[in-house]
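Peer 1: The following comprises the amino acid sequence and a computationally predicted model.
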Amino acid sequence: MTRKPTTKLLSVILSLALMLSLLPGMSLTAYAANESWTEDMSFDSDTVISQSVNVIADLTLTISEGKTLTINGTINISPRQTLTIAGPGTLVVKGGDGVYGSVGIRNDALGNLVVNGGTVKVTGGNGGPKSNGTGAGDGGPGINVDSVSI
């Protein structure tokens, strides 16, 4: 009679040990949500953002002299919003992956891009078969907005 409860306890402990031994071999991929900008942004040091950025308000992006802001993803300008790029620094946008991610800077509807200074380098990423209706694929268009002012 006393052997049966110890056998059950031992089997539970061994089962737990077996399940825990599998955990280090498992890997989980974390996906960061897109970053959203709602107010003016200033960058005074070299910065890398490794996700897409949603511009959901009229705002000015200022990059200090000699500094670089790199965005490894798409800048999405929300409908009827304006992104103004200012300052003497450098903005580098490398479009992300996916159908819409292939565009470096894009808008949903009637978005505007104004470049008032600095250097802007935009390249398309590795996208799907189309990009916002433009038919872009790998290395698609860098910029797809309704109006650009330089």
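Peer 2: Thanks, I have it. This is a predicted model, so every value here is computed, not measured. Numbers count the residues shown, from 1 in each chain.
Peer 1: For this structure, which segments count as helices?
Peer 2: 3-22 (DSSP state H).
Peer 1: can you list the weak-confidence ranges in it?
Peer 2: 1-3, 20, 22-33, 97-102, 108, 126-150 (pLDDT under 70).
Peer 1: where along it do the strands fall?
Peer 2: Taking DSSP state E as the test, the strands found in the chain are 35-37, 41-43, 47-49, 53-55, 59-63, 68-71, 75-77, 82-86, 90-94, 105-107, 112-115, 119-123, 143-144, 147-149.
Peer 1: got JSON lines for these, with distance to Lys8 and mean neighbour count too?
Peer 2: Backbone N, C-alpha and C define where each C-beta goes, glycine included. Putting those into JSON lines (distance: least, CB to CB, whole Å; neighbours: other CB atoms under 10 Å) gives the following:
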{"stretch": "strand 35-37", "distance to Lys8": "52", "mean neighbour count": "14"}
{"stretch": "strand 41-43", "distance to Lys8": "61", "mean neighbour count": "15"}
{"stretch": "strand 47-49", "distance to Lys8": "54", "mean neighbour count": "13"}
{"stretch": "strand 53-55", "distance to Lys8": "55", "mean neighbour count": "21"}
{"stretch": "strand 59-63", "distance to Lys8": "64", "mean neighbour count": "20"}
{"stretch": "strand 68-71", "distance to Lys8": "57", "mean neighbour count": "20"}
{"stretch": "strand 75-77", "distance to Lys8": "57", "mean neighbour count": "26"}
{"stretch": "strand 82-86", "distance to Lys8": "65", "mean neighbour count": "20"}
{"stretch": "strand 90-94", "distance to Lys8": "58", "mean neighbour count": "20"}
{"stretch": "strand 105-107", "distance to Lys8": "61", "mean neighbour count": "26"}
{"stretch": "strand 112-115", "distance to Lys8": "68", "mean neighbour count": "18"}
{"stretch": "strand 119-123", "distance to Lys8": "63", "mean neighbour count": "16"}
{"stretch": "strand 143-144", "distance to Lys8": "65", "mean neighbour count": "21"}
{"stretch": "strand 147-149", "distance to Lys8": "72", "mean neighbour count": "11"}
